[in-house]
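Peer 1: I'll drop the sequence and a predicted model, then ask my questions.
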Amino acid sequence: MASEPKSKYEPAFLISAYQDMLFYRRFEERVNQAYQKGKFAGFCHLHIGQEAVCVGVQKALRPTDYVISGYRSHTQAIAKGIDPKAVLAELFGKKAGAVGGKGGSMHMFSKEHRFLGGHGIVGGQCPIAAGVAFAIKYDEKDDIIVCYLGDGATNQGQFFEAMNMAATWNLPVLYIIENNQYGMGTDYHRVTSVDRLSKRALAFDMDHSEVDGMEVLKVHEHVSGIVAKMRKKPRPYLLEVLTYRYRGHSVSDPAAYRTKEEVAKFQQRDPILQLAEVLKKQKIATEDELKAWDKAVKERTAAIEDFADAAPKPEVSDLWLHVLAD
Amino acid sequence: MALIQFREALGQAMAEEMARDDRIFLLGEEVAQYNGAYKVSKGLLDRFGAKRVIDSPISEAGFAGLGVGAAMAGLRPIIEMMTWNFGLQGFDQIINHAAKMLYMSNGQFNIPIVFRGPNGAAHMLGSQHSQSFDAMLTNVPGMKVISPATPYDAKGLLKSAIRDNNPVIFLESEMMYALKGEVPDEEYLIPIGVGDIKRQGNDVTLIAWNKMLHVAVDAAKELEAQGIDAEVLDPRTLQPLDEALIFASVRKTHRLVIIDEGWDFAATSAQIADRVQRECFDDLDAPVVRVNSLFVPMPYAEELEAAVLPSVGRIVQAVKDVLYVGN
């Protein structure tokens, strides 16, 4: 079930990957509970089940690389460096939020950490990512940008337009499709002419591949190789990560369009449980230590919620700020 | 002063700004090797090279978005739409992304970008090439909208648009690219949001912009022959609007006719009329009258097209209506 660990991964790396995934799981669970308690409203899309993607990818990047994403991006924002307290406070519509209560669940940003949102128009981030890659090349840097999109975004025209420009001009953008099988409630097979979404790259003579998104080390190793090549020679890349979301499309979606058995099948390959097996097998952590970490993470998320609860709301007059720049 | 065409004025503005700041680049269909569909970017590829003057694929949503991303990463793009009718394909990027980014990011990511190209009807181009998008564009917070009528204004305002730290929509016209006008030899800028009185008058105010300004000026000449002294005001910028100049003119003439190439329903002219009735109610001696395009898709045939667009005849009639003079 669990992949044999690669010797190149130091215990500290494995522990960090595990604790990050665990934290994102518990964070999103707390977000869900807070939503159910009525602490905030609006759309709220959770990443539960997809933690290996965000962690595996982020650990293959460096701080000067950029990340842009769609509307399911709480944990990606945290992975890129935004304080989780600011993410939860943003969900709660607080002034201490990542964007001062102006954005909410779908619109986290950090200029400092080069997290470029948080976008709510499916596929709209794709040409923007090409533009960031254009600027990287314009400035002759060897950074890259990761552009996350879902399987649902792969049928948008802007995705195709973006890939054409990126491939024509050799822009260093890594498009990562988090294929969690469903665009909202629609199984992607029902609305898509190809079986593997990475094949979309063929139309643009672009490099592409797939990777198992339920194993963080596989994701990390695969993405690290792609990124290393992109830094040496700027080119776009389309990576399809096969993953699964355990919850509905949003917190208000009971996901009646799929079976419990299907969800259970993926949960057997849970990325956190798989890495836990590796940690135990390699005697890096005992079952008791894993439990202690989980307890610590839960305490941390509780403290984060306390912070977000206590944080002040924005002033009503703040609504006039940042409509236009000086 | 040099007498140059509108297209040359725009080209000079881009060239001067690109020479001043190497963060500026021009991207659009046919802007580089072809020298621009309307020759606005003539010579820029030779002068600035292929890194900064870039032919795009026919992909408006894509290259509008590429511009937004480049701006997020610190560049200052000029995006040319061959026509704003094509620009409609890029509205998702302009409205959902460029105009929202500063706000959604709580002030972190401003988008210094110019989207420019011809707007409105040219001559016998049919329904899909003759639309005026002023009202749609001015309706959106988070960006500025400029619509000049003379080479002088075009150059000074485009330079300001390129230096602005916000998304700026710059509306031109195929019918004006060959229009000649005096432009100073020395550098100058025209501030965004400041209108200009193009003709002083006392009996009625005509507000018009872009190529309608010239129709309004022609109407003013005809009115003069009939003993009516019209003031012609060009707001030059539609968002933000120079309301102070408009109110001052209306308080002087007490009568207002607005000429607007856009369709009449929820038009830019309707916004101006609303602001004037609110702020100048006691100064008005007649209801504000608007002369807009008729509410139909643009027909092709010459006579039909002419009948849809605001004309000297319709403006003169509107002025007589607000002056209560007989027909």
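Peer 2: Perfect, I can see it now.
Peer 1: Could you find the closest non-adjacent residue to the residue of the stretch 51-200 of chain A found nearest chain B?
Peer 2: With C-beta to the nearest C-beta as the measure, A:G131 is the residue of the stretch 51-200 of chain A nearest to chain B, at 2.3 Å. Quick note: C-beta positions are derived from backbone N, CA and C, even for glycine. In space, and not counting its chain neighbours, A:G131 is closest to B:G69: 2.3 Å by C-beta to C-beta, 6 or more residues apart in numbering or on different chains.
Peer 1: Which strands or helices does the helix or strand where the one you found lies pack on?
Peer 2: If you go by DSSP states H and E, B:G69 is part of helix B:60-72. Contacts defined by 3 or more C-beta pairs under 8 Å, 6 or more residues apart in numbering or on different chains; DSSP states H and E place helix B:60-72 against helix A:125-138, helix A:157-168, strand B:24-28, strand B:76-80, helix B:84-87, strand B:113-118.
Peer 1: any idea which of those is most buried?
Peer 2: Compared across those, helix A:125-138 shows the largest average neighbour count, a mean of 29 (mean count of other C-beta atoms under 10 Å in any protein chain shown).
Peer 1: all strands for the chain, in order.
Peer 2: Here I'm looking at chain A. A:66-68, A:145-150, A:173-179, A:182-183, A:186-187, A:207-212, A:237-242 (DSSP state E).
Peer 1: Please refer instead to chain B.
Peer 2: For chain B, applying DSSP E gives strands covering B:2-5, B:24-28, B:53-55, B:76-80, B:113-118, B:144-146, B:167-172, B:180-183, B:196-199, B:204-207, B:230-234, B:237-239, B:256-263, B:289-293.
Peer 1: could those strands go into TSV alongside distance to A:A285?
Peer 2: Shown next, in TSV, are those (distance: least, C-beta to C-beta, whole Å):
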stretch	distance to A:A285
strand B:2-5	74
strand B:24-28	52
strand B:53-55	53
strand B:76-80	50
strand B:113-118	50
strand B:144-146	57
strand B:167-172	51
strand B:180-183	74
strand B:196-199	73
strand B:204-207	74
strand B:230-234	73
strand B:237-239	59
strand B:256-263	67
strand B:289-293	72
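Peer 1: residues from the stretch 1-150 of chain A in reach of chain B?
Peer 2: A:66, A:68, A:98-100, A:102-103, A:107, A:109-111, A:116-121, A:124, A:126-136, A:138-139 (C-beta under 8 Å from any C-beta of the partner chain).
Peer 1: Tell me the residues of the stretch 151-300 of chain B that contact chain A?
Peer 2: Proximity of the stretch 151-300 of chain B to chain A (C-beta under 8 Å from any C-beta) is limited to residues B:165-166.
Peer 1: Please enumerate the helices of the stretch 151-300 of chain B.
Peer 2: Along the stretch 151-300 of chain B, the segments classed as helices by DSSP state H, counting those that start in this stretch run B:151-163, B:211-225, B:243-253, B:268-279.
Peer 1: now B:E224: how far from chain A?
Peer 2: Using C-beta to the nearest C-beta, to the nearest Å, B:E224 is found at 40 Å from chain A.
Peer 1: so what's that residue up against?
Peer 2: B:A230 (C-beta atoms under 8 Å, 6 or more residues apart in numbering or on different chains).
Peer 1: And for A:N180?
Peer 2: So A:N180 contacts A:49-50, A:150-151, A:243-245 (C-beta under 8 Å, 6+ apart).
Peer 1: I'd say B:F265 and B:V296 touch.
Peer 2: No: using C-beta atoms under 8 Å as the test, B:F265 is too far from B:V296 to be in contact (11.7 Å).
Peer 1: what about the helices in the stretch 1-150 of chain A?
Peer 2: Under the criterion DSSP H, counting those that start in this stretch, the stretch 1-150 of chain A contains helices at A:11-36, A:51-58, A:74-79, A:84-91, A:125-138.
Peer 1: Adding mean pLDDT, write those helices out as JSON lines.
Peer 2: Converted to JSON lines, the helices of the stretch 1-150 of chain A look like this (pLDDT from 0 to 100):
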{"stretch": "helix A:11-36", "mean pLDDT": "97"}
{"stretch": "helix A:51-58", "mean pLDDT": "97"}
{"stretch": "helix A:74-79", "mean pLDDT": "97"}
{"stretch": "helix A:84-91", "mean pLDDT": "98"}
{"stretch": "helix A:125-138", "mean pLDDT": "98"}
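Peer 1: Now render these as a markdown table, adding distance to B:A270.
Peer 2: As requested, the helices of the stretch 1-150 of chain A are exported to a markdown table (distance: least, C-beta to C-beta, whole Å):
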| stretch | distance to B:A270 |
| --- | --- |
| helix A:11-36 | 42 |
| helix A:51-58 | 48 |
| helix A:74-79 | 42 |
| helix A:84-91 | 38 |
| helix A:125-138 | 34 |
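Peer 1: What number of neighbouring residues does A:R300 come out with?
Peer 2: Around A:R300 there are 15 other residues, counting by other C-beta atoms under 10 Å in any protein chain shown.
Peer 1: per-residue confidence for B:K252?
Peer 2: On pLDDT, B:K252 comes in at 98.
Peer 1: Same question for B:Q131.
Peer 2: 97.
Peer 1: Same check on the one 5 residues further on?
Peer 2: pLDDT for B:M136: 97.
Peer 1: list the contacts for the residue of chain B found nearest chain A?
Peer 2: Closest residue of chain B to chain A, C-beta to the nearest C-beta: B:G69 (2.3 Å). Contact analysis of B:G69 by C-beta under 8 Å, 6+ apart lists A:68, A:116, A:127-135.
Peer 1: Ok, A:K313 next?
Peer 2: The neighbours of A:K313, taking C-beta under 8 Å, 6+ apart as the test, are A:93-95, A:101.
Peer 1: Relative to B:G262, how far out is it?
Peer 2: Separation of A:K313 from B:G262 (C-beta to C-beta, to the nearest Å) stands at 40 Å.
Peer 1: sorry, back to before: hey, which of the helices of the stretch 151-300 of chain B is tucked in deepest?
Peer 2: Mean neighbour count (mean count of other C-beta under 10 Å) peaks for helix B:151-163 among those, with a mean of 25.
Peer 1: and that helix, how far from the chain's centre?
Peer 2: Chain-centre distance of helix B:151-163: 11 Å, with C-alpha atoms, centre = their mean, to the nearest Å.
Peer 1: do stretch B:106-113 as well
Peer 2: 23 Å.
Peer 1: May I ask which two of the contacts of A:K313 are separated the most?
Peer 2: Taking C-beta to C-beta as the measure, the contacts of A:K313 reach their widest spread between A:G93 and A:K95, a distance of 8.9 Å.
Peer 1: So between those two, which is more surrounded?
Peer 2: A:G93 (20 against 16).
Peer 1: Please name the residues that touch the more buried one.
Peer 2: Contacts of A:G93 by C-beta under 8 Å, 6+ apart are A:40, A:101, A:104, A:313-314.
Peer 1: And it, its phi and psi?
Peer 2: Listed backbone geometry of A:G93 is phi 70, psi 40, with angles given as degrees, to the nearest 10.
Peer 1: tell me the pLDDT at A:K6?
Peer 2: Reading off the confidence values, A:K6 has pLDDT 49.
Peer 1: That concludes my questions; thank you for your assistance.
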